[in-house]
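A.B. asks: Fold the stuff below for me.
(3 chains)
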Amino acid sequence: MNLGNLSVGLSTYLLVGAMLFCLGLYGVFAKRNIIAILMSLELMLNAVNINFVAFNRFLWNQKIDIHYILTGNVAALFVIVVAAAEIAVGLALVITIYRNRHSTNVDEFDWLKW
Amino acid sequence: MFKEMHDLFRWAWLIPALPFLSFLLIAFVTKRSKGLSSTVSILAILTALGLAVAIGLGIIQSGAEIVEHPVIVSANWLNIGGLKINFGTIVDPLSAMMLFVVTLVASMVQIYSLGYMHGDKGWSRYYAYQSLFASSMLGMVIATNLLQLFIFWELVGLCSYLLIGFWYFKVSAREAAKKAFITTRVGDFGLLLGILFLYNKFGTLDFTALSAALSTSLQNVAVVGTAGYVTVMAFLIFMGPMGKSGQFPLHVWLPDAMEGPTPVSALIHAATMVVAGVYLVAKMYFLFQASPAALQFVAGIGAFTALFAATIAIAQDDIKRILAYSTLSQLGYMIFALGVGSYSGSMFHLMTHAFFKALMFLGAGSVIHAMHEKQNIWDMGGLWKKMPITGWTFFIGVLAISGIPPFAGFWSKDELLANALQNGHPIVYAVGLFTAFLTAFYMSRLFFVAFMGPEKPENHPHESPWTMTIPLIVLATFSTIGGLAALPSHNFAFFIHFGEFEPEGMNWGLAGISVIAGLLGMGLAYYIYIKKAISSESIVARFPVPYKILKNKYYIDELYLWIIHNIMDGLAKVLYFFDIYIIDGIINGIALLTRGSAKGLRRMSTGQLQTYAMVFFFAVVVIFMVFAFGEGQFSSLNPLAMLGGVK
Amino acid sequence: MSALPSGGSYLLPFILLAPLLAMFIIVFLPKEETKTIKIVAALGTFTSMVLSLYAFFAYNQAAGGMQFTLTIPWVPDLGVNLAFGVDGISLPMLLLTNLIGFSSIYASWNMEKRAKEFFALLLILITGVMGTFIARDLFIFFLFYEIVVIPIYIMVIIWGSTKRVSKEYAGMKLTIYLLIGSAFLLVGMVALYLAAAKQGHPTFMFDQLAARQNLYSAPFQKVAFGLMLFGFGSLISMFPFHSWSPDGYAGAPTAVSMIHAGVLKKIGGYGLIRLGIYVLPIGAKYWAPVIAVLAIANVLYAAFIALAQKDLKYVIGYSSVSHMGYVLIAIAALNPTAVGGAVAMMFAHGVMSALFFSMIGFIYEKTHTRNIPDLGGLAHQMPRLATGFIIAGMASLGLPSTINFISEFTIFMGTIKALPVQAILGIAGIIFTAVYTLRVIANVMFGPRRSEWDHLKDIKGAELVPLVVLGFVIFATGIFPNILFGLVNTGVTSSGLAKVLETVSQAKMGGLF
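C.D. replies: The predicted structure is shown next:
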């Protein structure tokens, strides 16, 4: 059975990734709660991961270049690891800020201004 | 014979080196011990005197040979990028004469200072400066090239500065020292320029080589404009002597320089340093001779200064200032003598003047010492009886400067006046003759008032100690017999002359005229100040304006001060204003602009995370758009193209 | 940088590292031990001084060129080498740095406020300045130059003094000027690097850059030299970029004034010769008339302003601006004599101004004022200090027997051929220099005794070191100029500079004027 005919193509994956990214972006721009923003960030990172994996699957000619076949997947793994670290640091910061300010509303966190 | 002498002449460098050594010794070793300092200094200068005498005798024995072939020893001193300067010594009759005069007067002055400076706190410092001065002056005299001469020229200027300001706690001394340095610096500016132009033109600064190069260049008709160039260079070089030898209009420093100790005035500001300018013109005579305009100028400036200074001297009351103006006037004689072509006459007058002027200054010092620092001649009187040695020797000085035979001044002054007339400069001759009359008048005035006038009961003068009188006697001897050097078949001119030597006899007619002028001056002074036949007050009363002008030295000092205070300092203030308000203003303005715009721009950082994120995102979108769809210079950086996959 | 090359000489790194080592020792000393700190600092600089004196006399003048070289590849991809070496132009500057560095330690001998930090920073400063002079690689040169800026800023802010302008303003002005200069320099440097890299084998080495002149087009040279001129010009306080200099010196502590006026400023002149004339001769030729006019402005304008100053340090600050005019006009003259004179003048002025600033530092330390009308007659109480002051003054006005005279004379000799009008105007500057210098000497040192200064003690012991060292150098090189000029001459002639200058002077091209 011809996989190419049946399955969804690269553009489908990219579309999903883009939608996910936009959702995340919207969350980052619009949410007031910092926890929600962090979660939206995760969405965006995962959107990227989808792209990585999809490109890895569709763009490389596996028969010729066996050595580089996993590049996209590895990148996705990297992103996951970095995201984990990032969320750990981020949550730690959020907790510290909450302890000081008793708030998770980013609108109140403007002490970086001029 | 000449060979042996030659070896002696090669040691001439010792003459400046010895006083320099003494300077170093005093400065670093013996400065705490007064006695040792003066002993070291005097021993050094006496040894130098001995050497100078030996060289002088050697010159006389060598005869014509040394005149034609000076002994030059030199070694490389500076060598950079096509500029080679040697340092060395030249021994010829001219430098030997100067060596003798300088060492003699310097040693006399140093011995004299033992008495005069007795008890001064700066004793060791004084002798250190004296040694340094002697060393520099002697180094200048035997210089083989212009730069070496210039270096020592400046160093004697430094010593003059230090010694005028020796009593640095006196404001007047401090200001006088500064004035002397700056005024001569103006002249040195021209001299330095002249040296640079000469080197640029002829590629050498060595006197002999320069002279040769100049004559070849003058003979070479193809080199257009050499004559004009030579005139410019001669004028520039002459600026140095105008400053150093106090020629109008740079004469103003010399009278003020009398603020220094009197022995210093005798040595530096009468006998040796101030004649450096004359000596330089003599050394560079080949240059001046190539330019009639320059010679004319030199003669004019010299004659004018001679007359100008003599007229001022008439109206002065301070004993040292009278002598100072007299020095200016006599320097004018030497300069105009060079201008009219009386090379030997000028040098001869330089020598005799050194003897009798040093004598008179030391005599004046002796008087001031006895009068407890009073310097006004009207406060003195009747010193003749109380100070016989000072009185007699001073009288010899007066006779010598007035040109009364057989004293030294007569011979030299007569020779240069005669030359002025013979070489076709009747105006210069007339001015010189009139100045001789004035000189005799004001010198006799000084002598009659201070020594012969009525005794003042408030003064208790006494004869000075032997350390001071012996130098007076020695110098008086030379002032008496010094002129005889000219007598037997013109020995002096045989040794020291320029170009071809032509023996010339005495012109007794002209000599008689100058003697009469001198006697007239003395007689007039006698009538006014001894006989009181004409009251000096009545003359002043009849001519108040000229008297005031003379008394105030033609207001030249005031003019210069006005220029300095208003124009120079004014310009300085204006420029400073420009600097801190315009230039710094622009700088600070730029800083202010930066700060101001930053003040506005910082409002853009709201601190709102989400705003930042939004800006960030859309900026990325825009950049991406430009790269993806923009044409032109960014296309090579197109990220899509780089990815390779999407075509 | 795995294996070090075996052929190199380690003399220069030792000279460079000795003060740095002292700095590290000081860092580990307790801050109360100020005496030990000072001794360690003095030892560090003394080692450098002795070693650089050794280099000075061991340099083979017959062979010429870069000697004591050491090249270690550092960033091979970019062509950056840790390359050291000295020739007849940089060796006098290296020696000067060490002489002044050593003296500056003693000039701050009475420093008690945060002595540990002060001497540590001072040593970093000295190291940085030295590094610029021994670098043979433009990148390293620039690196050390940037190192210099940091300690200066801190030192002016903490140990400076506030007079007409606050020390913060002075420090800021100084630093920003240096940084703006270095920014332009950086652009020029990168442009030069890219132009030279066209051939492949990118390089920052001075000699390589100079050897690839055929790669630089005339317009490129003009622009690149213009950038360099702005950068180095503001460093050497060229009119109208000079205004940091008097303010900066007035605000800075004595040691910084000494090093800044003495050597740091000379990096500008050194850079213009090393980088400007060597590498971009056509650019130099193009800009020379501009430099000459600005140089005359330096000489006369600053000399006049110095006349109107009341603060001692401002007088010397403006005087140093004025003297740098001579260096600039010599560079503009573009002939071997003048360039040799410029190098000698930088040396001479360095020694002189360091001596002047150290003496003023002592006056300020003892009397707590630098206002000239408040001072007077100090020669009564402090004869030794007065001697040092007068020696510095006489050197400043170019008295023969000081090295300053010979340097000025050589410069005049070189410029009068190429730029007669400017040279004459410049020489007129010696009159005004004499006026302000003698006025200062007269008003500060001479005059009636003032009882309010009777309690002052003359300089003694360690305080005499700057006077002895710098005074000795002024006269030793002034009386025997070939000590210095032999080396400078080698630097100018044997290193190919003379040849460059010759080709430049023969090239016919339209300048700005």
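
A.B. asks: from here on, contacts and neighbour counts on C-alpha atoms
C.D. replies: OK.

A.B. asks: Quick one: neighbours of residue C:412, just the number.
C.D. replies: 28 (other CA atoms under 10 Å in any protein chain shown).

A.B. asks: That one: which element?
C.D. replies: In this assignment (DSSP states H and E), residue C:412 forms part of helix C:403-418.

A.B. asks: One more: residue B:229?
C.D. replies: Going by DSSP H and E, residue B:229 is part of helix B:226-244.

A.B. asks: Tell me which residue lies nearest the centroid of the chain.
C.D. replies: Assuming you mean chain A. residue A:45 (0.8 Å; CA atoms, centre = their mean).

A.B. asks: my bad, the chain I had in mind was chain B
C.D. replies: residue B:244 (2.4 Å).

A.B. asks: Go ahead and confirm that one touches residue B:274.
C.D. replies: Yes. With contact defined as CA atoms under 8 Å, residue B:244 counts as touching residue B:274 (5.6 Å).

A.B. asks: gap between the helix ranked longest in chain C and the chain center?
C.D. replies: The longest helix of chain C (DSSP state H) is helix C:336-367. From the chain centre to the centre of helix C:336-367 is a distance of 9 Å (CA atoms, centre = their mean, to the nearest Å).

A.B. asks: Let me see the residues that make contact with the following helix or strand past that helix.
C.D. replies: Helices and strands here follow DSSP H and E; after helix C:336-367, the next one along the chain is helix C:378-381. Applying CA atoms under 8 Å, 6 or more residues apart in numbering or on different chains, the contact partners of helix C:378-381 are C:385, C:386, C:444, C:445, C:446, C:449, C:450, C:453, C:454, C:456, C:457, C:458.

A.B. asks: Which of the residues you listed are buried? Put it as a PyMOL command.
C.D. replies: Selection of buried members from those for PyMOL, criterion 16 or more other CA atoms under 10 Å in any protein chain shown:
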select buried, chain C and resi 385+386+444+445+446+449+453+458
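
A.B. asks: which of the contacts of helix C:378-381 are close to chain B?
C.D. replies: Among these, proximity to chain B is found for C:446, C:449 (CA under 8 Å from any CA of the partner chain).

A.B. asks: now, which of the contacts of helix C:378-381 sits nearest residue C:143?
C.D. replies: Ranked by distance to residue C:143 (CA to CA), those are led by residue C:385 at 38.1 Å.

A.B. asks: what's the helix or strand for the closest one?
C.D. replies: helix C:383-396.

A.B. asks: now swap in residue C:81 and tell me
C.D. replies: strand C:80-86.

A.B. asks: quick check: mean pLDDT across that strand?
C.D. replies: Model confidence over strand C:80-86 averages 89 on the pLDDT scale.

A.B. asks: got it, and stretch C:445-453?
C.D. replies: Rounded mean pLDDT across stretch C:445-453 is 87.

A.B. asks: who touches that stretch?
C.D. replies: Against stretch C:445-453 from outside (CA under 8 Å, 6+ apart): B:168-171, B:174, C:367, C:375-381, C:386.

A.B. asks: Please repeat the previous calculation with a cut-off of 7 Å.
C.D. replies: B:168, B:169, B:170, B:171, B:174, C:376, C:377, C:378, C:379, C:380, C:386 (CA atoms under 7 Å, 6 or more residues apart in numbering or on different chains).

A.B. asks: Going by neighbour count, which of those residues comes out on top?
C.D. replies: Result: residue B:174 is most packed of the contacts of stretch C:445-453 (other CA under 10 Å), 29 neighbours.

A.B. asks: ok now do that residue, which residues does it touch?
C.D. replies: Counted by CA under 7 Å, 6+ apart, residue B:174 has contacts B:165, B:168, C:442, C:446, C:447.

A.B. asks: Helices - which of those land there?
C.D. replies: Short answer: these in helices (DSSP H) are residue C:442.

A.B. asks: List just the nearest of the contacts of residue B:174 to chain A.
C.D. replies: residue C:442 (54.6 Å; CA to the nearest CA).

A.B. asks: what sits against the closest one?
C.D. replies: Per CA under 7 Å, 6+ apart, neighbours of residue C:442: residue B:174.

A.B. asks: near chain A, which residues of chain B?
C.D. replies: B:602, B:603, B:605, B:606, B:607, B:608, B:610, B:614 (CA under 7 Å from any CA of the partner chain).

A.B. asks: Report the buried members of the residues you listed.
C.D. replies: B:607, B:608, B:610, B:614.

A.B. asks: Put together a markdown table for those residues, with secondary structure and distance to chain C on each row.
C.D. replies: Below are these laid out as a markdown table (DSSP: H, G, I helix; E, B strand; the rest coil; distance: CA to the nearest CA, whole Å):
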| residue | secondary structure | distance to chain C |
| --- | --- | --- |
| B:607 | coil | 29 |
| B:608 | coil | 32 |
| B:610 | helix | 35 |
| B:614 | helix | 33 |
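
A.B. asks: just to revisit the earlier point, ok, so of the contacts of helix C:378-381, who is nearest chain B?
C.D. replies: residue C:446 (5.2 Å).

A.B. asks: What about the closest one? Give its phi and psi, please.
C.D. replies: phi -100, psi 180 (degrees, to the nearest 10).

A.B. asks: cool, residue B:317 as well?
C.D. replies: Main-chain torsions, residue B:317, degrees, to the nearest 10: phi -110, psi -20.
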